[in-house]
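**Q** My questions are about this predicted structure, shown below with the sequence.
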Amino acid sequence: MSDFRLAVCAEMVFLELPFVERVRRISELGFEVEMWAWAGKDLDAIAGTGAVVSSMTGYLRGTLADPDGAAELLKTAELSLEAAERLGCPRLNVHGTGLDERGLPVVPAGEVTPAMWLTALRTLERLAALGERAGRVFTLENLNTAVDHPGVPFARAADTIALVEAVGSPFVRVNLDLYHAQIGEGDLVRLVERALPVVGEIQVADVPGRTEPGTGEIHYPAVAAALRRLEYRGVVGLEAWALEDTGPALERFRAAFTA
């Protein structure tokens, strides 16, 4: 029996199946479901599977830290809240800037200036107000810039924690991605201890390769033990490719977070 609510990202597993069937299979295996952008997906069919959709991308375009990009992010966040309502999805994920199909920033930042920090803070405060009105939470995800997402501003977990603490709202939280944090910062147990008061969700994958726990260098049972000690009872989401077959990969994930 898991101590945590476990979710699986449908964008990265059962890739041989249509998206709605991936959602169905994940749910049948006892996991909640995460997804990325909702545009172009059959939301009614996804809702019809009966799956618990626990997280989705909370914007279509835009950035946190420049006025025009922030206005676009906020406008598409309102549309995303409407989609989340249709799916019953409680959490909507955002990044420092929009990402293209390769995960690269639409607006890369060679330097993050003090003005960008202030604009990002104001944008997140407005997201918090949108979330409060809708009864849903926006989460700000840390990313790594060394391997997957070079040029993304506010990428480090330390950055996302600082911004979320500055907003000070229960409707903006951190999506603490431990795969990205291992590449960018390491020291995961102490990072979890530091971040947990503002965490809305935790995501996992192993390093290198972004595959399921047990395939790389991160000892996830130790992370799970720390989460139990800290009495975390939220979602742990697998955002990983299966090293070989999806079924065994999901069981490795479950085993890593099961007492």
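**A** Ah, there it is. On a predicted model such as this, the values are computed, not experimentally measured, just so you know.

**Q** so where is the chain shaky, pLDDT-wise?
**A** 1-2, 259 (pLDDT under 70).

**Q** How about the secondary structure of the residue nearest to the spatial centre of it?
**A** In the chain, the residue lying closest to the centroid (C-alpha atoms, centre = their mean) is Asn175, at 5.0 Å. Counting by DSSP: H, G, I helix; E, B strand; the rest coil, the backbone at Asn175 sits in strand.

**Q** all strands of the protein, in order?
**A** 5-9, 32-34, 53-57, 91-94, 137-141, 172-177, 199-204, 235-238 (DSSP state E).

**Q** chain center to the last one: distance?
**A** Once both centres are worked out by C-alpha atoms, centre = their mean, to the nearest Å, strand 235-238 turns out to sit 9 Å from its chain's centre.

**Q** could you say what helices and strands it packs with?
**A** strand 5-9, strand 32-34, strand 53-57, strand 199-204 (3 or more C-beta pairs under 8 Å, 6 or more residues apart in numbering; DSSP states H and E). No exception for glycine: its C-beta is placed from N, CA and C like everyone else's.

**Q** residues contacting the residue nearest to the centre of the chain?
**A** Listed by C-beta atoms under 8 Å, 6 or more residues apart in numbering, the contact set of Asn175 reads 55, 91, 93, 139-142, 160, 199-203.

**Q** want to try JSON lines for those residues, with distance to Leu127 as columns?
**A** JSON lines is the format used below for the contacts of Asn175 (distance: C-beta to C-beta, whole Å):
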{"residue": "Ser55", "distance to Leu127": "15"}
{"residue": "Arg91", "distance to Leu127": "12"}
{"residue": "Asn93", "distance to Leu127": "11"}
{"residue": "Thr139", "distance to Leu127": "10"}
{"residue": "Leu140", "distance to Leu127": "9"}
{"residue": "Glu141", "distance to Leu127": "13"}
{"residue": "Asn142", "distance to Leu127": "17"}
{"residue": "Thr160", "distance to Leu127": "13"}
{"residue": "Val199", "distance to Leu127": "17"}
{"residue": "Gly200", "distance to Leu127": "12"}
{"residue": "Glu201", "distance to Leu127": "16"}
{"residue": "Ile202", "distance to Leu127": "20"}
{"residue": "Gln203", "distance to Leu127": "19"}
